[in-house]
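Colleague: Turn this into a structure:
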Amino acid sequence: MKINYDKRIFGLDIMRAIAITLVVLSHSLWILPRTKNVITDGLSLAGVLGVEIFFVLSGFLIGRIIYNIYVRDDFSFKKVGYFWIRRWFRTLPNYYLILCFNVILALLMGTNLPENLWHYFLFLQSFAWEMPTFFGESWSLSIEEFAYIIGPFLLYVVLFLNLKIDRSNLFAIITLLIVAVFLLTKIFYYYSNQEGGMVFWNVNLKAITIYRIDAIYYGVFAAYISIIRPIGWKKSRLISCIIGSVIFIGINVLIPTKQIFIESYPFFWNVLYLPLNSIAIAFCLPLLASIKSGPKMVVRSVTFISLISYSIYLLHYSVVLKLMKYFFSSDNVSPLGLSIYVLVYLVLTCVISFMVYRFYEKPLTDLRDLPWIRDRYSKD
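Modeller: Just a heads-up that it's a prediction; the model follows:
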């Protein structure tokens, strides 16, 4: 498989590699003995933070694409449709493949399928209600897909108002409006839900689409700043990253060490925690987006993990780990045995994810560049 490293931004590949590593490590808790301490609390947060990095990075990448489409004189609904088509060729094939595989696994293992299985095919499984346990990773895809739709659609519709505002400013206004609206939904959640506990928070707020669209749009706004203020973006990259890192690390180190849990700090967790992390991650983008290369071996390793990160995300827990736990329980295994178990889990995840990427994900993603698709949507 030939990789064009010159066309990739190494710093963004680092973000993807870190994000998927955090997610995979967090789910390794299912293998390890059930204990509660600073380490397990930290690993539990790692999965949340990994997905937040993915959200902000995704927003940054699509934000630059949408902005460049929007400010052109030939912007039209067909251009919006072309953006959606390209995103769907990137995200949907893997999603539906692993969704169908999860359905087959459930039937073979004799486990119950969700009552509203059809929700999964329309990304409605965690739209405004508790996240089901089936195919647990899929909640983030629901947020991504609705984020892809909402922003471009609003940007198109607002043009019919004939506002005396140039499109660059309209882009910023719509982006910040989306952020504000979904911040308000979290405030609404805080005042309308009296139940506490991280388990409840995890499946009733963190994973629910109507509370989380803003996570993508912090990255979109960062993309806007990078385009309209390129000099300031570049000059401030170091101090910006320091600020973001201090916020990001500070919050997530203090939480387990100072026992800042939701039972005692519900407003912080329900309203502030997720946005603060998103903002901190966005502050790190100027520096990371400027890193073009690194040591050859490191670049190759990080790029490899980055390329297969989407397949890893969908496969590692509900397929690889579920099958391993089904056939080979990790209960009552010696420390050495657990180490081998984790190693096998990581190796299998990488190998299977690479195979899916190489022979399924990439070939289907590449279809979006077929001439008849490109010509159909890119030309008015």
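Colleague: isn't Phe267 right up against Tyr189?
Modeller: No. Taking C-beta atoms under 8 Å as the definition, Phe267 is not a contact partner of Tyr189, at 10.9 Å. (Glycine included, C-beta is placed from N, CA and C.)
Colleague: more crowded one of those two?
Modeller: Between Phe267 and Tyr189, counted using other C-beta atoms under 10 Å, Tyr189 has the larger neighbour count: 17 against 13.
Colleague: Can you give me the buried ones in stretch 257-272?
Modeller: Buried residues in stretch 257-272, counted by 16 or more other C-beta atoms under 10 Å: 261-262, 266, 268-271.
Colleague: Show residues contacting that stretch.
Modeller: By C-beta atoms under 8 Å, 6 or more residues apart in numbering, the surrounding residues in contact with stretch 257-272 are 38, 183, 186-187, 189-190, 193, 196-198, 201, 205, 254-255.
Colleague: Recalculate using a threshold of 7 Å.
Modeller: For stretch 257-272, contacts defined as C-beta atoms under 7 Å, 6 or more residues apart in numbering pick out 38, 186-187, 189-190, 196-198, 201, 205, 254.
Colleague: what does stretch 227-235 give?
Modeller: For stretch 227-235, contacts defined as C-beta under 7 Å, 6+ apart pick out 64, 67, 168, 225-226, 286, 290.
Colleague: Include pLDDT and neighbour count when you put those residues into JSON lines, please.
Modeller: Output for the contacts of stretch 227-235, formatted as JSON lines (pLDDT from 0 to 100; neighbours: other C-beta atoms under 10 Å):
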{"residue": "Arg64", "pLDDT": "96", "neighbour count": "18"}
{"residue": "Tyr67", "pLDDT": "96", "neighbour count": "22"}
{"residue": "Ser168", "pLDDT": "94", "neighbour count": "14"}
{"residue": "Ile225", "pLDDT": "97", "neighbour count": "18"}
{"residue": "Ser226", "pLDDT": "96", "neighbour count": "19"}
{"residue": "Pro286", "pLDDT": "97", "neighbour count": "23"}
{"residue": "Ser290", "pLDDT": "94", "neighbour count": "15"}
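Colleague: Which pair in the residues you listed has the greatest spatial separation?
Modeller: Greatest spacing in these, by C-beta to C-beta: Ser168 and Ser290 (22.5 Å).
Colleague: dump the residue contacts of Arg64.
Modeller: Taking C-beta under 7 Å, 6+ apart, we find Arg64 in contact with 223, 227.
Colleague: Does it fall in a helix, a strand, or a coil region?
Modeller: Using DSSP: H, G, I helix; E, B strand; the rest coil, the structure places Arg64 in helix.
Colleague: how close does it sit to Asp214?
Modeller: Distance, Arg64 to Asp214, by C-beta to C-beta, to the nearest Å: 18 Å.
Colleague: separation between Pro275 and Ile213?
Modeller: Between Pro275 and Ile213 the distance is 12 Å, computed by C-beta to C-beta.
Colleague: Please identify which of these two sits among more neighbours.
Modeller: Of the pair Pro275 and Ile213, Ile213 is the one with more neighbours under other C-beta under 10 Å, namely 22 against 17.
Colleague: quick one: contacts for the residue lying closest to the more buried one once chain neighbours are set aside?
Modeller: Leaving aside its sequence neighbours, Ile213 sits nearest to Phe182 (C-beta to C-beta, 6 or more residues apart in numbering; 4.7 Å). Going by C-beta under 7 Å, 6+ apart, Phe182 touches 211-214.
Colleague: Please save the CA atoms from the lowest-mean-pLDDT helix or strand in the chain in PDB.
Modeller: Sorting the helices and strands of the chain by mean pLDDT, DSSP states H and E puts helix 371-378 at the bottom, at a mean of 76. Only the C-alpha atoms of helix 371-378 are listed here, as PDB (Å, rounded to 0.1, in the frame of the first residue of the first chain):
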ATOM      1  CA  PRO A 371     -15.200  11.100 -12.700                       C
ATOM      2  CA  TRP A 372     -19.000  10.600 -13.000                       C
ATOM      3  CA  ILE A 373     -19.500  11.400  -9.300                       C
ATOM      4  CA  ARG A 374     -17.100  14.300  -9.300                       C
ATOM      5  CA  ASP A 375     -18.700  15.800 -12.500                       C
ATOM      6  CA  ARG A 376     -22.200  15.200 -11.300                       C
ATOM      7  CA  TYR A 377     -21.800  17.200  -8.100                       C
ATOM      8  CA  SER A 378     -18.900  19.600  -8.700                       C
END
